[in-house]
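Asker: need a 3D model of the sequence below.
(one chain, ligands or ions: 1)
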Amino acid sequence: MANLGVNIDHVATVRQARRTDEPDPVWAAVEAQLGGADCITFHLREDRRHIVDRDARVLKDVVNVKLNMEMAIHPAIVKVAIGLRPEQCTLVPERREEVTTEGGLDIVRLRRRVQTAVARLRQAGSIVSAFIEPESDQIRASADVGCQAVELWTGGYAHAQGERAVRRELAKLEASIVLGQQCGLVVHGGHGLTYRNIEPVARIPGFDEFNIGHSIIARAVFVGLRAAVAEMKALLVRFAPAARKETES
Ligand code: PXP
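Answerer: Below is the predicted model:
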């Protein structure tokens, strides 16, 4: 069964709307863990629009499940990550004008720069994952530059309109998992996943982790974060692909 990573950035977005100290994303991390999160994900953006350096430091102390830092490959952010040493760093594209991360990192085009960042982060002891689109050249390039994992952008699936388009996007994800594993990569998924669209992706064998933010935080406004996380976790359990049978010796 895939692990559940909960992205807590939106909690910090609400705090920053008033430039005050509540709600605290660190409290959110604790509640998410109590709800069954296997991983806490945060994005320290270059413009610090939601998560700030203090959050990253306190999360590192408080979180006792996997801590996953989403980050750009910019040297200044790589330096922060090296100081922090989260268990996992996920390299993402970042543009100041975007509302959220839109699409995957173009590893093929940025190969040299990504390679440098990956080497430095791995040397510091973090697992390095890259957020990429489910395309074969991006998967191969991720393995080539030294990533140990990839997070497949599930936005194509989440935004697909009509049954045929949805089936096509799911097939792309399935093929990408197979190729990723052949390249020796651990495969995660994320972006645009909700309580309503998680079932078909959760049923695909081979996803190791899903990172979900907006939908969980939106539900938490009404039911509380602990309950919202527990509900998503229950869906992952319910729709988990059947475990592969052990071959008899
Ligand atoms: N994974 C990555 C790499 C992301 O950048 C984001 C968005 O911050 C997510 C997962 C979560 O996406 P969503 O908020 O749509 O669930």
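
Asker: make it CA atoms for all contacts and neighbour counts henceforth
Answerer: Noted.

Asker: which parts of the protein are strands?
Answerer: For the chain, strands defined by DSSP state E occupy the ranges 3-7, 39-43, 66-71, 88-91, 127-132, 149-153, 186-190, 209-212.

Asker: which strands and helices lie in contact with the longest helix along the chain?
Answerer: The single longest helix within the chain, with elements called by DSSP state H, is helix 163-182. Applying 3 or more CA pairs under 8 Å, 6 or more residues apart in numbering; DSSP states H and E, we find helix 163-182 packed against helix 136-144, helix 155-159, strand 186-190.

Asker: now do that helix and helix 136-144, the angle between them.
Answerer: Note on geometry: by axes from the mean of the first three to the mean of the last three CA atoms, to 10 degrees, helix 163-182 and helix 136-144 are set 30 degrees apart in direction.

Asker: what residues does helix 163-182 touch?
Answerer: When contacts are defined by CA atoms under 8 Å, 6 or more residues apart in numbering, helix 163-182 is touched by residues 134-136, 139-140, 150, 152, 154, 156-157, 160, 186-187, 200-201, 204, 206-207.

Asker: ok, back up a step: just name the most buried of the helices and strands packed on helix 163-182.
Answerer: strand 186-190 (a mean of 23; mean count of other CA atoms under 10 Å).

Asker: that one pairs with which strands, and in what direction?
Answerer: Strands that pair with strand 186-190, judged by DSSP bridges, come out as strand 149-153 (parallel), strand 209-212 (parallel).

Asker: would it count as contacting the ligand?
Answerer: Yes: with CA under 6 Å from any ligand atom as the criterion, the ligand is reached by strand 186-190 at Gly190.

Asker: neighbours of Gly125, how many?
Answerer: By other CA atoms under 10 Å, the residues close to Gly125 number 13.

Asker: show me the contacts for it.
Answerer: Residues near Gly125 by CA under 8 Å, 6+ apart: Arg85, Glu87.

Asker: next one: Val128
Answerer: For Val128, the contact set (CA under 8 Å, 6+ apart) comprises Gln88, Cys89, Thr90, Leu91, Val118, Leu121, Arg122, Cys147, Gln148, Ala149.

Asker: again, only this time at 6 Å
Answerer: Residues in contact with Val128 (CA atoms under 6 Å, 6 or more residues apart in numbering) are Gln88, Cys89, Thr90, Cys147, Gln148.

Asker: equivalent analysis for Glu151, please.
Answerer: Here Glu151 is in contact with Ala130, Phe131, Val187, His188, Gly189 (CA under 6 Å, 6+ apart).

Asker: next, count neighbours for the closest residue to Gly36 other than its chain neighbours.
Answerer: Setting aside the residues directly before and after it, Gly36 is nearest to Ala230 in space (CA to CA, 6 or more residues apart in numbering), at 5.9 Å. Residues lying near Ala230 (other CA under 10 Å) number 19.

Asker: would you agree Ala230 is in contact with Gln33?
Answerer: No: using CA atoms under 6 Å, Ala230 makes no contact with Gln33, being 9.4 Å away.

Asker: thinking again about what came up before, need the strands of the chain in TSV (columns: mean pLDDT).
Answerer: Listed next are the strands of the chain as TSV, based on pLDDT from 0 to 100:
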stretch	mean pLDDT
strand 3-7	98
strand 39-43	98
strand 66-71	98
strand 88-91	98
strand 127-132	98
strand 149-153	98
strand 186-190	98
strand 209-212	98
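
Asker: so which of those comes closest to Ala234?
Answerer: strand 3-7 (10.2 Å; CA to CA).
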